[in-house]
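Engineer: I would like to see how this sequence folds:
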Amino acid sequence: MKDLALTFWCVFVCLGIANNPLSAATIHVGKGQLMSTIKAGLEKARSGDTVLVAAGLYTEGNIVIDKAIFLKGMGKPVLDGEKRYEPLSIKSTGVTIQGFTIRNSGHSSINDIAGIKIYNTHHVRVLDNELLDNFFGVYAQNAKNVEIRGNIIRAFGTAEQLIGNGIHAWKSDSLNVANNSVYGHRDGIYLEFVTHSQIKGNLSEKNLRYGLHFMFSHENSYITNTFRSNGAGVAVMYTKHVRMENNRFEENWGDASYGLLLKDISDSQIINNQFSRNTTGIFMEGSNRIYIEHNNFKSNGWGLKIQSSCMDNVLKDNNFLQNTFDVATNGTLALNTFAHNYWDKYEGYDLNKDGFGDIPFRPVSLFSMMVERYPSAMLLFRSFMAMLFDRTEKLLPSLTPEGLKDEKPRMKSIKV
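Structural biologist: Predicted coordinates for the structure are as follows:
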């Protein structure tokens, strides 16, 4: 029994020495070094070592990392996939990739090839890299506790079927995607079956489809991101318990474009966001128990489109400024709450000087309902006929939703 205990103690001590940072080595790779290729450096390295790669061009096909290695580039060394290979495949825990330019991955309609792909592992960091003209940029597959931070991810896609997503995560948990810049991919950031993750401080711009697209991804937060000039801003689908706060949705224009699409989501918060110069600020369909507070809707075609399939949503203390239409709907039922919002089209008064209008405001105009049914009616916008329709409806309301109203509209906008 004593011999068995001694054996376990020796194994424990040996493992401790192997994992002690003081025993970790630094292996230098590059021209003039003992190791001239990254693959040779990785083969020599042990778990816990740092592989330091000097500036230069490295065309080594598919580099697989299957040890807990810190792979660090000095002077932005270039890993080139030559339009044939996946430059970096990570298949170990405890891996960090930092300081590389990774470009020209292969393309495939069968395999999801990426500049950096993380396979079925955890505790991986991808930091401060530049990924150029790859099929997918960074791809996390069945991963956990992954940090993707400070990367520049650019592609030059011309059609959705010919390019992948900038940051793509599937069946993953506890991701931290922060301070990345994504440009020119299909979706800037795409999450599917991803939970307990934070998307923070990213710029997603001029992507072909969505700036951010997530499906079946619960218990996540999206904070201080900017989604600008994408095919559409953000699409949230089949999801619950999402927090979207302090984001900017800008310049997302197109026939079927919007700043934010909510489809079949529930029990979520949208707080302190800026929706400016989008075809539609927020489009809601089949979405319930969403709390929308302290947002600016400014200079959009439609500030908000809320379908009759939406229930028990609360829109409170928002500003609606300079939108062509503030609110549109396709039904007459009032199943949602509008309270204490500021509407620049409100023409009421405040006789008791409490800061709120004395008469309710109905944000759905008759002309907006006509345009919803007959888009070509926009030809009459700002015409005397359109004005006459709306004035008549205000005097004798009959066609616009009677219950969709803000009982106490603000007289002054609030700071967001």
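Engineer: Local confidence estimate at residue 390?
Structural biologist: On the pLDDT scale, residue 390 is placed at 56.
Engineer: List the buried residues of stretch 325-345.
Structural biologist: For stretch 325-345, the neighbour count (16 or more other C-beta atoms under 10 Å) marks 325-329, 336, 338-343 as buried. All C-beta atoms are positioned from the backbone trio N, CA, C, and that covers glycine.
Engineer: Equivalent analysis for stretch 78-94, please.
Structural biologist: Using 16+ other C-beta under 10 Å as the burial criterion, the residues of stretch 78-94 that qualify are 78-81, 85-90, 92, 94.
Engineer: Just checking the distance from that stretch to the centre of its chain.
Structural biologist: For stretch 78-94, the separation from the chain centroid amounts to 24 Å (computed by C-alpha atoms, centre = their mean, to the nearest Å).
Engineer: what residues does it touch?
Structural biologist: The contact list for stretch 78-94, computed with C-beta atoms under 8 Å, 6 or more residues apart in numbering, reads 38, 47-48, 56-69, 97, 100-107, 113-124, 134.
Engineer: now, which of those lie within strands?
Structural biologist: If you go by DSSP state E, the contacts of stretch 78-94 have 57-58, 63-65, 97, 101-103, 114-119, 122-124 in strands.
Engineer: PyMOL command to pick out the buried ones of these?
Structural biologist: To isolate the buried members of the ones in strands among the contacts of stretch 78-94 in PyMOL, using 16+ other C-beta under 10 Å:
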select buried, resi 58+63+65+97+101+102+103+114+115+116+117+118+119+122+123+124
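Engineer: any chance you could map the strands in the stretch 301-416 of the chain?
Structural biologist: Shown for the stretch 301-416 of the chain, the strands assigned by DSSP state E, counting those that start in this stretch span residues 302-306, 314-316, 319-321, 325-328, 337-339, 342-343.
Engineer: Give me the number of neighbouring residues for residue 312.
Structural biologist: Residue 312 is flanked by 13 other residues according to other C-beta atoms under 10 Å.
Engineer: Can you give me every residue that contacts it?
Structural biologist: Contacts of residue 312 by C-beta under 8 Å, 6+ apart are 288-289, 335-336.
Engineer: got it, and residue 151?
Structural biologist: Applying C-beta under 8 Å, 6+ apart, the residues near residue 151 are 126-131, 137-138, 180-181.
Engineer: how much space between it and residue 139?
Structural biologist: For residue 151, the distance to residue 139 (C-beta to C-beta, to the nearest Å) stands at 13 Å.
Engineer: do the same with residue 110
Structural biologist: For residue 110 relative to residue 139 (C-beta to C-beta), the value is 15 Å.
Engineer: Which of the two has more residues huddled nearby?
Structural biologist: When residue 110 and residue 139 are compared on other C-beta under 10 Å, the one with more neighbours turns out to be residue 139, at 28 against 5.
Engineer: circling back to that earlier point, closest one to residue 206 among the strands of the stretch 301-416 of the chain?
Structural biologist: strand 302-306 (22.5 Å; C-beta to C-beta).
Engineer: May I have the closest one as PDB, with CA atoms only?
Structural biologist: The C-alpha trace of strand 302-306 is given here as PDB (Å, rounded to 0.1, in the frame of the first residue of the first chain):
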ATOM      1  CA  TRP A 302     -39.700  52.900 -40.100                       C
ATOM      2  CA  GLY A 303     -38.700  53.200 -36.500                       C
ATOM      3  CA  LEU A 304     -40.500  50.000 -35.500                       C
ATOM      4  CA  LYS A 305     -42.500  47.400 -37.300                       C
ATOM      5  CA  ILE A 306     -44.400  45.200 -34.900                       C
END
